[in-house]
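> the amino acid sequence is not available; the structure is as follows:
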């Protein structure tokens, strides 16, 4: 969207009414995919920060409830269903914690996520994050030293996650395997 299209969308009463209705429906049905649809639209249009925060809080509530249930049932989350929204929100929350300097909190969320996703490629990527947290890197340091910036992920399912690095992921995980094993032992209680 160019600037003119954004301005038109921001002031289009029909579109804004549609967003209001979608938001209401999403809250009533606790539908995370519709909540993300509305959230992403509001973010693109740069509209109403308080409303954005309210929707994001609802997304997190739904997501944490669903993930807690999956942990109890010992079920994994898939990228090929609405589970992707639970994974996305949990991941975004961990990155938010990390960006605010709560490296331990981010590492704990990432650890839980790495153990409940059914996607080896994403799990490996999240383990790179865990290693960076274990080494006490800030999020900025992680981006500067590990992440290959301005590179696109080659599929939509992984597009919400940091997946491209300045090194071979498998080799990096192998080189840091003892640290990762130690972290897994330390954090295992989070899955009990």
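Cool, the structure landed. Everything quoted here is computed from the prediction, not taken from an experiment. Numbers count the residues shown, from 1 in each chain.
> buried stuff in the biggest helix by length in the chain?
The longest helix of the chain (DSSP state H) is helix 49-73. Buried residues in helix 49-73, defined by neighbour count with 16 or more other C-beta atoms under 10 Å: 55-56, 58-60, 62-63, 66-67. No exception for glycine: its C-beta is placed from N, CA and C like everyone else's.
> determine which two of the residues you listed are furthest apart.
55 and 67 (18.4 Å; C-beta to C-beta).
> could you measure from residue 58 over to residue 89?
Per C-beta to C-beta, to the nearest Å, residue 58 is found 10 Å from residue 89.
> let me fix that: residue 30
In terms of C-beta to C-beta, residue 30 sits 13 Å off from residue 89.
> which residues do the two both contact?
Common neighbours of residue 30 and residue 89, using C-beta atoms under 8 Å, 6 or more residues apart in numbering, are residue 62.
> for these two, indicate the residue with more neighbours.
residue 89 (25 against 14; other C-beta atoms under 10 Å).
> show me this structure divided up by domain.
Listed by automatic domain parsing, the domain ranges of the chain are 1-55, 76-191.
> which residues are contacting the helix or strand of the chain with the lowest mean pLDDT?
One helix or strand of the chain scores below all others by mean pLDDT, DSSP states H and E: helix 3-11, with a mean of 77. Here helix 3-11 makes contact (C-beta under 8 Å, 6+ apart) with 1, 15-16, 44-47.
> may I see the buried residues of that helix?
residue 9.
> read off the pLDDT value for residue 154.
For residue 154, the model assigns a pLDDT of 70.
> do residue 101 as well
97.
> then the one 10 residues further on?
In this model, residue 111 is scored at 97, pLDDT.
> before we move on, what about the one 10 residues further on?
What the model reports for residue 121 is a pLDDT of 95.
> and residue 149, how many residues sit next to it?
Neighbour count for residue 149, taken as other C-beta under 10 Å: 9.
> any idea how many residues pack against the residue nearest to it when sequence neighbours are not counted?
Computed as C-beta to C-beta, 6 or more residues apart in numbering, the closest residue to residue 149 that is not its neighbour in sequence is residue 143, at 6.9 Å. If you count neighbours by other C-beta under 10 Å, residue 143 ends up with 14.
> isn't there a helix covering residue 143?
Yes. Residue 143 sits within a helix when classified using DSSP: H, G, I helix; E, B strand; the rest coil.
> that one touches residue 164, doesn't it?
No. Here residue 143 lies out of contact with residue 164, judged by C-beta atoms under 8 Å, at a distance of 11.4 Å.
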